[in-house]
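# need a structure here:
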Amino acid sequence: MATTADVMTGVRSDERFFARFAIGLSAFIVLGFAQFGLRGFVDYANAPWWMHVHGAIMISWLAVFCIQATLVAKGNLAQHRKLGWIAAYLAVAVVGMGCFIGVMAIKTHVQPPFFTPPYFLALTQVGAVVFGGLVFAAITRRTQTDYHRRLMAGSLIALTEPALGRWLPMPFMVGWGEWVVLAIQLGFLAIIALHDRKTIGRIHPATATVGAIIAMMHVLVEVAALNPWVSGIAASIARG
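Numbers count the residues shown, from 1 in each chain. The predicted structure follows:
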């Protein structure tokens with residue numbers, strides 16, 4: 001039978017793991033964009049204002065995400081709860097700007113050239129909604145910390161798609177790049193699944209749910225991109 005000390009040790013191990021996971025994956029996302037600019041593929045200095053706003057919101061979100069995970073790992077739950085309100089508002093901003101830049105990129109014809117307007121519209125809108133849904137689910141489960149941590153980690157995995165689009169040679173992966181991104185994201189999730197098996201002896205239901213949601217996100221993007229209604233909206237946006 002597990003003692004109270006054993007349970008507490010397991011909890012602390014869980015908290016430390018998710019803090020490291022948050023920091024590591026956030027660094028991966030930021031470096032993805034940084035190396036893309038350093039390689040000369042985009043001129044961030046002359047980018048439209050809405051891209052700078054989006055970037056500032058995303059950096060703020062990742063910073064708060066890492067701070068929140070670190071506060072929990074250090075046992076500072078009071079400060080974690082206070083900062084949670086800021087995180088919630090930032091999450092709304094991430095969703096709003098994610099949808100907005102998808103539309104603006106098509107309208108100003110600056111979406112990646114290897115994406116058709118319907119595909120890019122589906123990619124940005126579905127991605128934003130899935131991220132927001134995972135964060136909302138995590139907030140509703142905030143008293144169940146095991147669910148909360150895994151759902152929040154899932155929302156971070158959902159955000160890796162734009163970064164992966166900059167790490168991978170996407171122009172040479174048209175038609176199957178989306179599935180490579182899915183495979184890598186499931187690889188990130190497998191790290192959590194391995195942690196689950198090590199700490200609780202099985203894959204946590206929240207981890208499995210996140211995996212299903214991430215997979216469905218990619219399927220929905222592919223299906224929506226071929227939908228005549230989505231194509232018509234994208235064409236209308238592109239015409240200005």
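
# alpha carbons only for contacts and neighbour counts from here, please
Fine.

# Tell me where the protein has helices.
Secondary structure of the chain (DSSP state H): helices located at 4-38, 49-73, 77-107, 117-140, 145-158, 160-167, 177-200, 205-225, 228-239.

# Dump the ones you listed to a markdown table, plus mean pLDDT and mean neighbour count.
Shown next, in a markdown table, are those (pLDDT from 0 to 100; neighbours: other Cα atoms under 10 Å):
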| stretch | mean pLDDT | mean neighbour count |
| --- | --- | --- |
| helix 4-38 | 83 | 16 |
| helix 49-73 | 96 | 18 |
| helix 77-107 | 96 | 17 |
| helix 117-140 | 97 | 21 |
| helix 145-158 | 97 | 22 |
| helix 160-167 | 94 | 19 |
| helix 177-200 | 97 | 16 |
| helix 205-225 | 97 | 17 |
| helix 228-239 | 96 | 16 |
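
# Can you tell me the closest non-neighbouring residue to residue 32?
In this structure, residue 32 finds its nearest non-sequential neighbour in residue 163, 5.0 Å apart by Cα to Cα, 6 or more residues apart in numbering.

# residue contacts, that neighbour?
Residue 163 makes contact with 28, 29, 30, 32, 33, according to Cα atoms under 8 Å, 6 or more residues apart in numbering.

# please redo it, this time with the cut-off set to 7 Å
29, 32, 33 (Cα atoms under 7 Å, 6 or more residues apart in numbering).

# Let me know the closest of those to residue 150.
Nearest to residue 150, judged by Cα to Cα, of the contacts of residue 163 is residue 29 at 18.4 Å.

# Against residue 164, how distant is the closest one?
8 Å (Cα to Cα, to the nearest Å).

# which residues are in contact with both of the two?
With Cα under 7 Å, 6+ apart, residue 29 and residue 164 have no common neighbours.

# Could you find the closest non-adjacent residue to the most centrally placed residue in the chain?
Nearest residue to the geometric centre of the chain (Cα atoms, centre = their mean): residue 159, 2.0 Å. Excluding the flanking residues, the one nearest residue 159 by Cα to Cα, 6+ apart is residue 131, at 7.1 Å.

# and the gap between that neighbour and residue 16?
Going from residue 131 to residue 16 by Cα to Cα gives 23 Å.

# tell me the contacts of residue 185?
For residue 185, the contact set (Cα under 7 Å, 6+ apart) comprises residue 157.

# repeat for the one 4 residues further on
With contacts taken as Cα under 7 Å, 6+ apart, residue 189 has the following neighbours: residue 211.

# Please repeat the previous calculation with a cut-off of 8 Å.
Residue 189 makes contact with 154, 157, 207, 211 under the criterion Cα under 8 Å, 6+ apart.
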